[in-house]
Structure formats: C-alpha cells, structure tokens
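Chemist: Okay, sequence plus prediction incoming.
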Amino acid sequence: MAIKFLHNIDLKQNQLLNARVHVASSAPTGSGKGSIWLNSSTNELNFHNGTAFVSVMDDTNTNQLTTFTLTADSGTNQTINQGETLDIAGGDSITTSVGNTNTVTIDVTSGSIGASELKVSGDGGATQFLRSDGDGTFSWAVPTDTNTDTNTQNVFTSSFVDSEANALLRLTKSGAASGTQDITFAAGQNITLTPNSASQLTIAATNTNTQLSTEQVQDIVGGMFSGNTETRIAATYQDGDGTIDLVVNDMTANTNTQNVFTSSFVDSTNDCILRLTKSGASSGTQDVKFVAGSNVTLTPSGTNLTIAATDTQLSTSQVRGKISASGVVSYNSSTGVISSSATATNTANVKTALNASMGGSATIGDGSDTITIPGDLTVTGTTTTNNVEVVSTSNGVIFEGNAADANEGTLLAGTLSADRTYTLPNKTGTVAMTSDITGTNSNTNTGDQVVFKSVASDSGTAVADTTTDTLTIAGGSNVSTSVSGDTLTIAADNTQLSTEQVQDIVGGMFSSNTETRISAVYQDGDGTIDLTVDDMTANTNTQNAYSTSVVSSSGIKLRLSGSGAAGNTTDDVKFAAGSNVSISRTDASTITIAATDTNTDTTYSAGNGIALSGTTFSTDVFEGSLAAATSGVTKSQSTYTVTHGLGNKRVNVVVTESADPFEQVFTEVKYGSAAGTGTVLIGFGQAVTDGDYNVTITR
C-alpha cells in the first residue's frame, strides 16, 4: 500500500536519495505528461509526452537528446548534431575498422609500434634494455652489474649436543657466512632427554603415577550410592562386575482421585490476596490480588474480607465539636462566627488545650511540675531521658530487637534480698552468657589451660595432659606436610586420573548393568552418559473439576464448586461492605465494589480546547466530507476552505479516502487565513470530485 500525495512536493533543491521510478510490467493508469515508469519485462525507461508513454531509447522519439560534444587530448572540441557521422580515423601505425556489430576496432599496424612512434633510434642489442630518458624519449642501455658476491652457496649440518638436563639441536653453517644456531629441547616434569648420537635424541618419561586402579575407582564411586537420598529411583552398586544398577519407581499407577481446594485471604501490606490452594494430584496456589485505592482499606479475617472507605471529610457537628469542646473557642450557628471566650495566656486554658491532640513539638509543665499519665504511654519515635532513677516493673524490660516481629528480648532481675548494683564495663563488645564460657576456669587466669584435650583419628587417639604436649601432623602415603611460620601446608602428590580415564571407568559401570524403566548409554566420543526414562505419561487420575460463581442468597459470596470423584463440594468466600462501601452482584461471574465519595468540595473547569458538560469532559473535533454541501466547507476550484470552530491555528488535519480502503492521503494544508484562526485551507494538485475525501480536524 502506497502513501498518496495529492499535491506537489517541493524539496527546496534538496536531493532525492535512494529513490527509484515506478516499476511495473505495464504502464500505470491515470498518468499525465512528464510521468516516468520502467518496464520490468524489457527494462526500458518510458516517459509520458502528453499523449502516450514512449521509450527514451526510441529513435523516433523527437524529444531525445539531439547533440553531444566530442573532445580529445588535443585539438578543438566539436559538436555532433543528430544525423551527423562521427569518423574515428587512425594515425601513425594505427588503423581503424568498423564491423557488423556496431563496433570500432583500433589496431596497431603489423602488430608492432615503430621506433619513430617511441622516439628511439635503432633496434638495440641482445644485452640492452629500453630506458626512459625522462623527457618523453627512450634510449637503449646496458644493465650495470653491482653484484660483488662470488659465493654460490652455504653448507649446513645439524647435530644433537648434550646440555645437562636439556638437549641442543645445533645447526652449523659453513661457506660465505659461517656460524652456529641452537634449538633447545627443555625437559619438563618427569621427562629426560638423552642425545644418543649427533643425529638421535631419546625422550623418556618417568612413570611416577600412583593413580587408583579401576576397582578402587569403582568402589569409591559405588560408595557414593550408599547412604544417599534416592527419590523415585533406586541405585545399587554391584561390586562383582563394577556396575551401578538404576531402578526407577513405577509411576504409571496413580491412586490420587481428586484435588482438594481451599481458599483464604492473605494479608499483603496495604493490599490483600485471595489465595486458592490446591492439593492432591496437582498441588499449587493461585492468587487474586485486591488493591486498595485512595481512602480504601482491606482487612482479611479467615474467609472474610472487609473493605472500608475512609471518610476524609468532617461533619458539621464534628467541626463544631472540635472548635467548642474546651469552651475556649465557640461557634455561633446563627451568625457563622467563631469567637474566643477566654484569653490564650490563661494557665488553665493553656493546660486544657495541651490535653487535646496536637502535632509538632510541645512542652508540658516545668521543672517543678510532676506529670502523671494514668494510662499507657506509647512512643512511636525516639525517647530521650536524662535521668532514670527507678524502673518499677516485675515483668522486666522488653526489647523489640532489630526487626519488628513476634520475637522480643526481656531483661528481668531475679528475686532480690537487698539492693544490687550491676556495672557494665567501659568498652565496646558483646556481653556473653555464662553458657558461652567453656573450659576450666579457676578465676586466676594464669594461662595454664591445655590447648587441646584430645585428638582422634582413624586409628589411635592422642591425649593432651600437660601444657608441653606437642601436636604433630605427619604426612602419609602420597601426602607431605610442611610448616613455615604460623602456616601448616598439607600437600597431596598428584596421582589423579585424566578426564578421559575417569570417563571410561565410570562409563564402563553402565555396561552389562541392570536397567529398569530407564536406559543408560555411555558416549565415549563426548564423555557423557545418556539417560532415557520409559514413557510413563499414562495418567488415570480422576480428579475433581472446579468452577466459580457469585451468589447472593445471604450476602455476596464467591463460591468454589467441586465435582468429580469426591462428589459435589462448595467453599464460599463472603464479601462484607465496610464504611462508605457498597457491594453488589451483577451476574454469576461479576462482583461490583463501589466506594461512596462524601467529599462535596469538588470543582471542575475546562481548559483550552476542552468542553465541560456537568462532570463530563470532551475534546472538540470537526469531522465531515470535503464537499461544498457540507456545513462549514466551501470549495474554490481544487481548494476547500474548512471552518472548524476550534479557535486555534494549532490543529491536526487528517484527510482520508471516503471509500474502501479508506487510506490517508496527503494534501497541501494552510493553517491560517484571512478568515481567522478557526479556518484551514486544503488544496489538491489536480481537480477532485466532491465527496471523494473526508477530513478530521482535532486539537
């Protein structure tokens, strides 16, 4: 689908990049003089001469280029007119000929260029070459021999030379440039190099491998399947043939005949979640989240959810009560005047006012006053107390801890027979319980305790019974130990198998083994074991099917109905309406929850280009057919004047076809005129018929 432009496009001398002309197998319809198209069958370029399309390569086309200019390296440029003949003539030693294929052939006479054409005299000798003299002429010259080296070759010999643990391959050169060059063969770990002769080098590897045998690896891997956890599969190591037998439990039998569903409300900060919990053949949960909007609270309790709306506006009586409660300020309902019946500096009035709820900072009493709070005092912020003389409580002091949860710490004094003083040390650290202090402590702190009590091993036990006992860690088979400063290093000799060796040993354990409802195949190429469990997708589960519905026999309820093997069951979730909230049942699948807005102080105003009717806002728009009969539209030749009445030049104008496929077209649009800012001019580059196009104007 193409974009249709119904007016001229002025590129302001800018380039038209990456464009091509109309390509088709036949001439486009509706074309006029100057139109261009390319015939996709003949690859001919055609243009419209006002009557019909003609090829730009047609000899009968009188509009084709009639002259061109002929230039050369020298001489005077010539203008060649239509019908004139262009003569290509030969010069010295050059001939030209015209064949039957519109081709001009230029050839050198006798296949050679003479000495006069090259501006050189004579033919030269066998040992001479043609050299440019730099002025457009050539001359014959003899090459200058600058080679003074009479050496025709070097002779090389190679030999192996012993160099302690390494070996050298020595290249000895004789001739014009004698000397030697060595290539060193370095012996790596467990490698020896021995030159047997000048032409032979023996490379030997010392076998220090103390690796495990196949049986040892099998026993180690087999032991990994003893005392392990196996779920729906049994793995047994067969020491006799070194294989591991795998038996998958029979999972084709399914005795589960139903799913059990329960529903509950779950608190989630300010929102609430209705959770459907499914157990049985297919367990899981699914949540429906209820989001509390502005001035709405959600309170779950078991299977009930209370939805309440907060009334943010005080009633008249509440406002009057807050004003006249203390008797200091009163409201006159007949005159609407608020007046003070006492001075603000009166001590009794100030104290009375301080008893009321107030924000910000407040100071109650002075240094000589005693403040008594008969009830509980709850402080949600930080409490700063200069002096605490007596904390009288038999329940102890309770600390919440870093996290606000159900776990607290209680500092409680025991039964006291006299006044006691507990002093904390002047240092930073953690106070330890008596149960945290281990070992024998005679309160003398003489440092005479034994560092270790006993050390046990696979065989034998060492007991530390004196302060001079030394714990010795000795290396065993293939293990060495060393001490440097405070560091003990335990190293094991490298006797491990290669990856390929371990893969082959373990892979062999899956050959000639027992496989039940599973097949295990070792792939030696990539060192993997492929496991394929038999298809056990058959499922005879006859679980219940559940459906939901909204009922209102006694309040609005969301009912979960089950049917199937366990018979018909129902589970209801009741919706209770709170303050300023209404709940209604629309149909069996819809519950409508509405909050009553008690705020009467609402003012609406329509902005520029917006219309307001009651509490409904709408956007101004002009829609109609581009036809002289349309209200607000006039026509002059191929230009329509549309009076849209939107009162602004900054509008959006869209012109579309009035018939299928209703495509958008692009015209010339002028957004201001002498008629005012509520008018646009829509111009077409050619004559159009009324009603062919529609216009939509919006702000």
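Modeler: Good, I have the coordinates. Quantities reported herein were computed from a predicted structural model and do not represent experimental measurements. Residues are numbered from 1 along each chain as shown.

Chemist: what's across from Val642 in the sheet?
Modeler: Here Val642 sits in beta bridges with Val633, Val680, as judged by DSSP bridges.

Chemist: quick one: terminal-to-terminal distance for stretch 502-517?
Modeler: 26 Å (C-alpha to C-alpha, to the nearest Å).

Chemist: Need the per-residue pLDDT for Val248.
Modeler: Val248 is assigned 83 on the pLDDT scale.

Chemist: For it, grab phi and psi.
Modeler: phi -80, psi 140 (degrees, to the nearest 10).

Chemist: so what's it up against?
Modeler: Residues in contact with Val248 (C-beta atoms under 8 Å, 6 or more residues apart in numbering) are 232-233, 516-518, 533-534. Quick note: C-beta positions are derived from backbone N, CA and C, even for glycine.

Chemist: Look at Phe185 and report its pLDDT.
Modeler: Confidence at Phe185, expressed as pLDDT, is 72.

Chemist: and of the contacts of Val248, the nearest to Leu16?
Modeler: Using C-beta to C-beta, Val533 comes nearest to Leu16 of the contacts of Val248, at 66.1 Å.

Chemist: Count the neighbours of that closest one for me.
Modeler: When neighbours are counted by other C-beta atoms under 10 Å, Val533 registers 13.

Chemist: pretty sure it is in contact with Arg517, am I right?
Modeler: Yes: contact criterion C-beta atoms under 8 Å: Val533 and Arg517 qualify, at 6.5 Å.

Chemist: which residues in the stretch 51-200 of the chain form strands?
Modeler: Assigned by DSSP state E, counting those that start in this stretch, the strands in the stretch 51-200 of the chain fall at 53-55, 67-70, 78-81, 94-98, 104-108, 129-132, 138-141, 154-163, 166-175, 179-185, 191-197, 200-205.

Chemist: would you turn the ones you listed into JSON lines with distance to Gly414?
Modeler: Shown next, in JSON lines, are those (distance: least, C-beta to C-beta, whole Å):
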{"stretch": "strand 53-55", "distance to Gly414": "114"}
{"stretch": "strand 67-70", "distance to Gly414": "121"}
{"stretch": "strand 78-81", "distance to Gly414": "127"}
{"stretch": "strand 94-98", "distance to Gly414": "130"}
{"stretch": "strand 104-108", "distance to Gly414": "126"}
{"stretch": "strand 129-132", "distance to Gly414": "120"}
{"stretch": "strand 138-141", "distance to Gly414": "124"}
{"stretch": "strand 154-163", "distance to Gly414": "86"}
{"stretch": "strand 166-175", "distance to Gly414": "82"}
{"stretch": "strand 179-185", "distance to Gly414": "84"}
{"stretch": "strand 191-197", "distance to Gly414": "77"}
{"stretch": "strand 200-205", "distance to Gly414": "77"}
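
Chemist: winner for burial among those?
Modeler: Across the strands of the stretch 51-200 of the chain, averaging neighbours per residue (mean count of other C-beta atoms under 10 Å) puts strand 53-55 on top, at a mean of 16.

Chemist: same for it, what does it pack against?
Modeler: strand 45-48 (3 or more C-beta pairs under 8 Å, 6 or more residues apart in numbering; DSSP states H and E).

Chemist: Now do the strand it packs on: everything it contacts.
Modeler: For strand 45-48, contacts defined as C-beta under 8 Å, 6+ apart pick out 21, 27, 31-39, 53-57.
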